[in-house]
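# below are the sequence and a predicted model; questions follow.
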Amino acid sequence: MGKLSQTWLRAFYWSSVVITVLFLALYVWFLLVVKRLTILYPTVVSNVGFYIHIVPGNIIYLGGALQFSSYVRQRWPAFHRITGYIYFVSQFISTVGIAMMLTKPEGGVISGSAGVFYTLAWFWTAYRAYAYIRLKEVQKHREWMLYNFGLSLAIIAMRPLTIIMNGMGYPTSISIGTALWLGWGLAIVIVRIYILEQYYGGAFRLTTASEKPYVFNGIYFSALNDWTDLALESRTTVAKGVDLFRFALPLPNQAVPLRPGQHMLIRINGEIRPYTPVNKDADAGTLDFIIKEYAGGKVSTPLHFLQPGGMVSIKGPIASSWSYTPNSNQIINMVAGGSGITPFIKIIDTVVGNVSDNTKINLLYCNRFMGDIILKKELDALVLQYPDKVRVNYSLTNSPPDWVGLKGRADARTLLDMFPVDAASTVLVCGNNQMNASVLKMLKANGWNSRNLFAFGTTDH
């Protein structure tokens, strides 16, 4: 976003903080001076705490809805960050209010103990979400945000349960305490099931393939669950400004179990960026990345200065919000730009490698020059080997005279011709941020539903 937009967003953020503080001051003034507010709790401190909790608590519900909107996150990332800050500030203020309420809890020891555990869990999940986004570990940040917002929604579920138990004749001390324990306990369970289903392939798989090592055909599949220092074994130029980096894994028979849509994190000089390996499942002993150098890139540039034997830290796999299930799509359409082809290599290999999967692949691969096309020989070989499953079209903005492929940038007409709207299919996009936003906008204008669209996020590398 431009400087003007960022200025307005900052103004929105600070205005929200000021308004929240003014509301809190007004509540306290009414309670202590005018004394017109309903006295809900037995002490001044707990009653003030209730009203301190209410205002930012409602901001949290609105902010949470915005935080989980993929449309907002992809279209206006700066706005997503600002509303995230508002969410965390509101969470802190609301937690203070709850702590004041717990000095004299309604319902006695049972509800008080449930409230203490709830408040600690609420604050801890918010802290973990904030800490992970500071480390640029987006997937972990997303998961902890889900836990936190689930706990926030548990309060809503608690109220009707309390009323029902009161109607059944249970005393307030029992109904409030039971509702609190059930509310936040069920919230954690439900969110955990959702995370496992959404990102890790099944709610009843207590550990994922990336968390639990296993041996298959003599290969030791083990994730790098913690940051692991790996040495650069070799570096090979595959296109202009694009190199294949091969890092040696700790064991010669080790492989990283990477599912389609997952990626690894590379850390160098304190900076972290996501990259997708291009290894086959049977490749053991190394991790291979195809990485383009961007001018001023905080990770890509230092990597291209790295010599064999040099070390970087790598962690993963990390799941994305898109996951692959055989036969769940009639066609997986793909729009790739430059090195954005790398996440799609794993997806294509997985689809064609499964003889029982009838999914078809339809790829539009966009580049500036002929020499920028990465892995063209491998892609052409897949088309020849699997003509009924894989279709690849190349597009160049600066094409040679004898070029017979598509020409120019991907426009709405090209996207409509290549990707006719189909509710049983998906379109995946991976390029720079500008390309992702432009392609998604045109696809939606062509009639595609947002549920069938996904962009693999990129940053200035």
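That came through, no problem.
# and the helix or strand L303 falls within, which residues are buried?
Assigned by DSSP states H and E, L303 belongs to helix 300-305. Neighbour-count burial for helix 300-305, counted by 16 or more other C-beta atoms under 10 Å, picks out 300-301, 303-304. (Glycine included, C-beta is placed from N, CA and C.)
# same deal with stretch 80-96?
Buried, per 16+ other C-beta under 10 Å, within stretch 80-96: 80, 82-91, 93-96.
# surely V256 touches P317?
Yes: using C-beta atoms under 8 Å, V256 is in contact with P317, at 6.4 Å.
# would you list every one of the strands in the stretch 51-200 of the chain?
When assigned using DSSP state E, counting those that start in this stretch, the stretch 51-200 of the chain turns out to have no strands.
# now do the helices in it.
70-75, 77-101, 108-134, 138-167, 172-199 (DSSP state H, counting those that start in this stretch).
# likewise for the stretch 201-350 of the chain?
Assigned by DSSP H, counting those that start in this stretch, the helices in the stretch 201-350 of the chain fall at 300-305, 342-352.
# what does stretch 293-302 contact?
Applying C-beta atoms under 8 Å, 6 or more residues apart in numbering, the external contacts of stretch 293-302 come out as 241-243, 266, 268-269, 271-273, 291-292, 303-304, 460-461.
# what does stretch 394-408 contact?
Identification of contacts with stretch 394-408 by C-beta under 8 Å, 6+ apart yields 364-370, 373, 376, 393, 409-410, 414.
# 10 Å instead, please
Residues external to stretch 394-408 that are found in contact with it (C-beta atoms under 10 Å, 6 or more residues apart in numbering): 335, 337, 363-373, 376, 379-380, 392-393, 409-411, 414, 417-418.
# ok, stretch 307-314 next?
Counting by C-beta under 10 Å, 6+ apart, 224, 226-235, 245-249, 256, 264-270, 272, 275, 277, 287, 289, 299, 302-303, 306 sit against stretch 307-314.
# how about a cut-off of 7 Å?
224, 227-235, 247, 264-268, 287 (C-beta atoms under 7 Å, 6 or more residues apart in numbering).
# now the contacts of stretch 394-408: which count as buried?
335, 337, 363-367, 370, 372-373, 376, 379, 392, 410, 414, 418.
# so for the helix holding L303, mean pLDDT?
For helix 300-305, mean pLDDT is 90.
# now swap in stretch 440-460 and tell me
For stretch 440-460, the mean confidence score works out to 83.
# rewinding a little: shared neighbours, V256 and P317?
With C-beta under 7 Å, 6+ apart as the test, V256 and P317 both reach A223.
# ok so, going back, so of the contacts of stretch 307-314, which ones are in strands?
224, 227-235, 247, 264-268, 287 (DSSP state E).
# could I get the buried residues of helix 300-305 in CSV, plus columns for distance to L146?
Shown next, in CSV, are the buried residues of helix 300-305 (distance: C-beta to C-beta, whole Å):
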residue, distance to L146
S300, 31
T301, 34
L303, 32
H304, 36
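# quick one: end-to-end distance for stretch 307-320.
31 Å (C-alpha to C-alpha, to the nearest Å).
# buried ones in it?
Under 16+ other C-beta under 10 Å, the buried positions of stretch 307-320 are 312-320.
# ok, so of these, who is nearest A437?
Within the buried residues of stretch 307-320, the smallest distance to A437 is 17.5 Å, found for S320 (C-beta to C-beta).
# I'd say the closest one and R259 touch.
No: using C-beta atoms under 7 Å as the test, S320 is too far from R259 to be in contact (9.7 Å).
# could you tell me the least trusted of the helices of the stretch 51-200 of the chain?
Least confident of the helices of the stretch 51-200 of the chain, judged by mean pLDDT, is helix 70-75 with a mean of 62.
# domains of the chain?
Domain assignment for the chain by automatic domain parsing gives 3-199, 214-318, 331-455.
# now these in TSV, with distance to Y324?
Output for those, formatted as TSV (distance: least, C-beta to C-beta, whole Å):
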stretch	distance to Y324
domain 3-199	12
domain 214-318	4
domain 331-455	6
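# tally of neighbours for F247?
Per other C-beta atoms under 10 Å, the neighbour tally for F247 reads 25.
# who's in contact with the nearest residue to it once chain neighbours are set aside?
Closest residue to F247 apart from its sequence neighbours, by C-beta to C-beta, 6 or more residues apart in numbering: L230 at 4.1 Å. Residues in contact with L230 (C-beta under 7 Å, 6+ apart) are 247-249, 287, 311-312, 314.
# per-residue pLDDT of the residue lying closest to S94 once chain neighbours are set aside, please?
In space, and not counting its chain neighbours, S94 is closest to P56: 4.3 Å by C-beta to C-beta, 6+ apart. Note on P56: pLDDT of 72.
# roughly how far apart are P56 and L146?
20 Å (C-beta to C-beta, to the nearest Å).
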